[in-house]
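1. Quick one: sequence plus predicted model below, questions after.
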Amino acid sequence: MTKLPLDPARLRALFPAFAEPRLAGQAFFENAGGSYTVKPVLDRLDHYYRASKVQPYGVYPASIEAGEAMDMAFERMAQVFNVTADWIHFGPSTSANTYVLANAFSGWLKPGDAIIVTNQDHEANSGNWRRLARHGIEVREWTVDKGTGRLSLTALDALLDNKVKLVAAPHCSNVAGEINPVADIAARAHSVGAVLVVDGVGYAPHGIPDLKALGADIYLFSAYKVYGPHQGVMAIRPDLAAALPNQGHYFNDAKPRYRLTPAGPDHAQIAASAGIADYLEQVSLIAGDVVEGTDPFRRANAAMRAQEMALARPLLDFLRARNDVRIIGPDDPELRAPTIALHHAEPGIELAKRLVKHGIMASGGNFYAVRLLEALGIDPHNHGVLRLSFVHYTTPEEIQRLIEALDAEL
């Protein structure tokens with residue numbers, strides 16, 4: 001394995017889970033379902049509950065502190081995305097946030113308008129948009145290659161015309177793992193006047209993107225998969241957010257943070273989300289001058305990406321040499337995130353059960369990517385895939401243990 005840019009011991013010292021006796025000896029390979037929570041997030045959450053668990057934005061000191069802690073999270077998340085704070089919205093989950101967004105767009109789009117969705121997505125960024133057909137919206141499907149699971153830009157071009165007002169696509173599939181060329185997709189969508197909605201849930205744990213460079217109009221991810229609390233984060237171009245119909249109480253129409261997240265927010269978890277930015281800055285410090293970047297967040301992303309590619313290479317080499325498994329998505333670590341799904345003669349969940357005795361925590365199933373598995377000829381309900389997902393805090397020793405466990409059980 002090539003030299004790692006990040007010291008795993010220094011990274012793992014920032015995660016209380018790695019000091020938890022009940023988790024000792026267990027290698028965590030289901031990070032795509034939810035990562036371990038970093039200490040800066042837990043510290044902010046604990047402080048909020050202890051010192052300022054009151055209604056925020058009031059006139060007394062504890063309430064003022066509570067509101068300031070929440071405002072800090074909006075500011076810090078904006079820094080990570082390289083946008084202004086008015087882009088940022090928090091909601092209970094990405095699935096819920098997308099549901100509300102689709103409902104808002106149902107009042108913004110007009111009958112006869114067209115939208116494009118994929119069959120590579122998690123259902124949250126597919127089904128919610130497909131339901132717009134009941135409002136007279138034409139739904140066009142950008143389909144994957146049935147052999148590789150890949151989305152082709154040529155296939156997208158064939159779907160685009162001046163009727164298309166919205167394109168919804170994943171930054172990275174939570175099963176196929178391939179990192180899609182979002183900047184190219186954005187350019188194509190914008191060329192016909194369409195809005196681009198990107199599901200970043202599968203990508204953000206490996207580096208929250210610079211939205212200015214990416215070009216997406218809306219970007220969503222789940223904070224609990226990015227070392228934080230169970231919140232959904234939406235970055236929305238402010239003028240677009242203002243143009244969408246209000247989804248909250250009518251008297252909050254002039255309050256941008258209330259219009260697209262109508263449920264009462266979890267104040268403490270929003271405040272704690274600032275800890276994600278704190279952590280990424282620490283990752284940048286651990287990386288030092290090994291990687292380049294215009295700010296700490298870009299340096300952290302570069303280091304995390306390099307770390308994960310180095311970790312993925314021996315695993316993919318091992319899997320590529322076998323003829324009893326099918327790797328879903330590319331087998332080149334430079335083209336994918338380290339969320340590696342395998343199709344085997346045995347159902348994915350049964351393989352996951354057998355890996356437990358080797359101290360491997362993984363899972364099997366369809367992972368809400370039912371349409372993708374069906375397109376690939378895999379029964380999503382009775383068979384599914386084994387999913388092995390890791391992040392930058394995974395160690396080379398854990399990768400080797402996984403390889404040995406797979407060699408024994410496949």
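-> Nice, I can see it.
2. which SS state does residue 198 fall under?
-> Classification of residue 198 using DSSP: H, G, I helix; E, B strand; the rest coil returns strand.
3. In this structure it contacts residue 169, no?
-> Yes. The pair residue 198 / residue 169 is scored as a contact, 6.3 Å apart, by C-beta atoms under 8 Å. For every residue, glycine as well, the C-beta is placed using N, CA and C.
4. Spell out which residues are contacts of both of those two.
-> residue 182 (C-beta atoms under 8 Å, 6 or more residues apart in numbering).
5. which one of those two has more residues nearby?
-> Neighbour totals were compared for residue 198 and residue 169, and residue 198 leads with 28 against 25 (other C-beta atoms under 10 Å).
6. Domains in the chain, by residue range?
-> Taking automatic domain parsing as the reference, the chain has its domains at 8-38+295-409, 44-277.
7. where does residue 169 land in three-state SS?
-> Put simply, residue 169 is strand when judged by three-state DSSP.
8. show me the contacts for it.
-> By C-beta under 8 Å, 6+ apart, the neighbours of residue 169 are 116-118, 120-121, 125, 142, 151, 180, 182, 185, 196-199.
9. Look up how far residue 113 lies from it.
-> Separation of residue 169 from residue 113 (C-beta to C-beta, to the nearest Å): 18 Å.
10. go on, residue 59?
-> Per C-beta to C-beta, residue 59 is found 46 Å from residue 113.
11. Residue 234 against residue 257, yeah?
-> No. The criterion here is C-beta under 8 Å, and residue 234 misses it with residue 257 at 10.7 Å.
12. Overlap in contacts, those two.
-> With C-beta under 8 Å, 6+ apart, residue 234 and residue 257 have common neighbours residue 89.
13. For these two, indicate the residue with more neighbours.
-> Between residue 234 and residue 257, residue 234 has the larger neighbour count (other C-beta under 10 Å), namely 23 against 18.
14. The more buried one should be in a helix, yeah?
-> No. Residue 234 sits outside any helix when classified using three-state DSSP, being strand.
15. Where does residue 323 fall, secondary structure wise?
-> Using DSSP states H and E, residue 323 sits within no helix or strand.
16. Check the burial of it by counting its neighbours.
-> 5.
17. For it, give me the pLDDT.
-> Predicted confidence (pLDDT) at residue 323: the value is 94.
18. shaky segments in this protein?
-> Scanning the chain for pLDDT under 70 picks out 1-2.
19. quick one, helices of the stretch 101-250 of the chain?
-> 127-130, 153-159, 182-191, 211-214, 238-243 (DSSP state H, counting those that start in this stretch).
20. Pick the most buried one from these.
-> helix 127-130 (a mean of 20; mean count of other C-beta atoms under 10 Å).
21. helices or strands up against that helix?
-> Applying 3 or more C-beta pairs under 8 Å, 6 or more residues apart in numbering; DSSP states H and E, one finds that helix 127-130 makes contact with helix 94-108, strand 114-118.
22. Which stretch among the ones you listed approaches residue 392 most closely?
-> helix 94-108 (21.3 Å; C-beta to C-beta).
23. Give me the angle between the closest one and strand 232-236.
-> With axes from the mean of the first three to the mean of the last three C-alpha atoms, to 10 degrees applied, the angle from helix 94-108 to strand 232-236 works out at 40 degrees.
24. Now tell me what touches helix 94-108 from outside.
-> In this structure, residues lying in contact with helix 94-108 by C-beta under 8 Å, 6+ apart are 89, 91, 124-125, 128-129, 131-132, 135, 137, 166, 197, 199, 201, 218, 220-222, 232-234, 243-245, 247, 260-263.
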